[in-house]
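Engineer: sequence plus predicted model, see below.
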There are 2 protein chains.
Amino acid sequence: MDSLLLTSSTTTDGVTERRFHLGDVPGILWTPEGATGPRPLVLLGHGGGMRMDVPRLVASARATVSAHGFAVAAIDAPGHGARPRLPRDDAARAEIRAARTADDSARFAAVSTRYMAELAEQAVPEWQAVIDALQALPEVGADAPVGYGGSISLGSAIGIPLTAAEPRIRAAVFGGGFFVSAAVVEAARRIRVPVQFLLPWDDEHASRADSLALFDAFGSEEKTLHANPGDHRRPRWLGLDEDFLARHLTAVAA
Amino acid sequence: MDSLLLTSSTTTDGVTERRFHLGDVPGILWTPEGATGPRPLVLLGHGGGMRMDVPRLVASARATVSAHGFAVAAIDAPGHGARPRLPRDDAARAEIRAARTADDSARFAAVSTRYMAELAEQAVPEWQAVIDALQALPEVGADAPVGYGGSISLGSAIGIPLTAAEPRIRAAVFGGGFFVSAAVVEAARRIRVPVQFLLPWDDEHASRADSLALFDAFGSEEKTLHANPGDHRRPRWLGLDEDFLARHLTAVAA
């Protein structure tokens, strides 16, 4: 097992941000300044083509630390951010560009679905190793309940199979706005923890019906669908239950 | 125009509840104890087969008065509560019972849709007259912004055409779980004010696709779909934006 290598630490406004590597995987851990005891851990997935330190994700992480005292972690997905692009990644991106240039929506959907499945297959064990490593830190702790706060799109394509596979995850936020494969629907059926599902109502590419079928598939007794107008690059969530993860993780921790 | 006849007044825990009649229409007005100046007015519609003073509705009214200082009003829908049942009502109810006994879902949907449309046609001008009469009270006021907090089912079948017809209504809560007619969809297209739409995900009778098409039809720039598992008689809303109406009516009033 790779060991956790902490590479930098900065503290601003009471939140300590530490960059780390676990083997090939770069990540960031946010904790309250001077945190010592165990606490819930929230994992944040980023969107397709994005990276772990995009401003929206960093702001969300810092807000969660400040409001709830949790630990928050993000990693770059395979082929994203500071990670090397493999021939697989370049080929998939080139094919996606070509499909969009040709306005070939069927091909765009097919290659996106296949590429996201490949990324998820690699990312799920990476996230599980990151949970292992972070729970070994005293300021997270081995019994820390874990939540997944995925971005819509790639964050959900990875987070859904991760949550299905990982019993330490006790609640999760996913979203529509991506090409939903049969494998992702199958993983959703195995999920039993509370789920909040965010649907941009007017996504210009992804099928609304597929996203609704994905919400329907979650095996969770407690699940909430929240939809607002807009597409997945410009979601403006209105009246959203922002405390969803915190409520469930605090309940587990108590 | 009929004049408002206040028939009783009781005050409990800082909330004054006054029963009234406006012509043939019985109603209840809840206001803060000793209220004097103008304030937003929330209209609460009840469900099919229910009445204006079912415990859930009364609790919601009192909570809104206590939390926000608003006025809240409810009326019995035609053929419901203390109002006489006309031959129309008895015939429709008998037909609904027969359709359900025969497990004839197409007939059940057809008669329910027709009956709710008849009730809405009568109830919309009744509600408008009630708004007129209540806004003449100094503790409501002629410029009071109005919100509609409809129950799902009949409350929405009436509230959607009412909101489409009534510019004083500045925000509305509706729901799925009823048989959506083309006329209701057409009314929804004319609505421009913020809408919160509650969908019981597993309604045993009403079509989920019809409810989603109704949400899609709202002409409002700001609209939110909130869905949870359960059918329309046992909704258990989780993480709901309870301040939706208050936020919008307060913004208008300010």
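Structural biologist: That came through fine. Numbers count the residues shown, from 1 in each chain, chains lettered A, B, ... in the order given.

Engineer: how near is A:D202 to B:G27?
Structural biologist: Distance from A:D202 to B:G27, counting by Cβ to Cβ, to the nearest Å: 39 Å. All C-beta spots, glycine's among them, are computed from the backbone N, C-alpha and C.

Engineer: looking at these two, which is more packed in?
Structural biologist: B:G27 (24 against 15; other Cβ atoms under 10 Å in any protein chain shown).

Engineer: the closest residue to the more buried one other than its chain neighbours and A:D2: what is the separation?
Structural biologist: Leaving aside its sequence neighbours, B:G27 sits nearest to B:I75 (Cβ to Cβ, 6 or more residues apart in numbering or on different chains; 4.1 Å). Per Cβ to Cβ, B:I75 is found 68 Å from A:D2.

Engineer: comparing the two, which residue is more hemmed in?
Structural biologist: Each of B:I75 and A:D2 has its neighbours counted (other Cβ under 10 Å); B:I75 has more, 28 against 13.

Engineer: just list the residues touching A:V180, thanks.
Structural biologist: Contacts for A:V180 (Cβ atoms under 8 Å, 6 or more residues apart in numbering or on different chains) come out as A:113, A:206-207, A:210-211, A:213-214.

Engineer: same question but for A:S105, I mixed them up
Structural biologist: A:S105 makes contact with A:99, A:205 under the criterion Cβ under 8 Å, 6+ apart.

Engineer: tell me the phi and psi of it?
Structural biologist: phi -70, psi -30 (degrees, to the nearest 10).

Engineer: one more: the one 4 residues further on?
Structural biologist: Dihedral pair for A:A109: phi -60, psi -40, per degrees, to the nearest 10.

Engineer: surely it is in contact with A:D203?
Structural biologist: No. The criterion here is Cβ atoms under 8 Å, and A:A109 misses it with A:D203 at 11.9 Å.

Engineer: higher neighbour count, these two?
Structural biologist: For A:A109 versus A:D203, neighbours defined as other Cβ under 10 Å are more numerous around A:D203 (22 against 19).

Engineer: can you pull the buried residues of stretch A:107-127?
Structural biologist: A:108-109, A:111-113, A:115-120, A:123-124, A:126-127 (16 or more other Cβ atoms under 10 Å in any protein chain shown).

Engineer: strands of the stretch 1-150 of chain A, residue ranges please.
Structural biologist: Ranges of strands in the stretch 1-150 of chain A, per DSSP state E, counting those that start in this stretch, are A:4-12, A:15-22, A:25-32, A:41-45, A:71-75, A:146-150.

Engineer: any chance of those strands in JSON lines with mean pLDDT and distance to B:T64 as columns?
Structural biologist: Shown next, in JSON lines, are these (pLDDT from 0 to 100; distance: least, Cβ to Cβ, whole Å):
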{"stretch": "strand A:4-12", "mean pLDDT": "95", "distance to B:T64": "41"}
{"stretch": "strand A:15-22", "mean pLDDT": "98", "distance to B:T64": "38"}
{"stretch": "strand A:25-32", "mean pLDDT": "98", "distance to B:T64": "37"}
{"stretch": "strand A:41-45", "mean pLDDT": "98", "distance to B:T64": "34"}
{"stretch": "strand A:71-75", "mean pLDDT": "98", "distance to B:T64": "36"}
{"stretch": "strand A:146-150", "mean pLDDT": "93", "distance to B:T64": "32"}
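
Engineer: with distance to A:L238 added, can I get these in JSON lines?
Structural biologist: Converted to JSON lines, the strands of the stretch 1-150 of chain A look like this (distance: least, Cβ to Cβ, whole Å):
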{"stretch": "strand A:4-12", "distance to A:L238": "30"}
{"stretch": "strand A:15-22", "distance to A:L238": "27"}
{"stretch": "strand A:25-32", "distance to A:L238": "26"}
{"stretch": "strand A:41-45", "distance to A:L238": "21"}
{"stretch": "strand A:71-75", "distance to A:L238": "24"}
{"stretch": "strand A:146-150", "distance to A:L238": "18"}
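
Engineer: pull the residues that contact the worst-scoring helix or strand of chain A on mean pLDDT.
Structural biologist: The least trusted helix or strand in chain A, going by mean pLDDT, DSSP states H and E, turns out to be helix A:244-253, with a mean of 88. With contact meaning Cβ under 8 Å, 6+ apart, helix A:244-253 is reached by A:39-40, A:42, A:64, A:67-68, A:70, A:144-147, A:149, A:170-173, A:193-194, A:196, A:224, B:239.

Engineer: now, of those residues, which are buried?
Structural biologist: The neighbour-count test (16+ other Cβ under 10 Å) applied to the contacts of helix A:244-253 identifies A:39-40, A:42, A:64, A:68, A:70, A:144-147, A:149, A:170-173, A:193-194, A:196, A:224, B:239 as buried.

Engineer: nice, that's everything, thank you.
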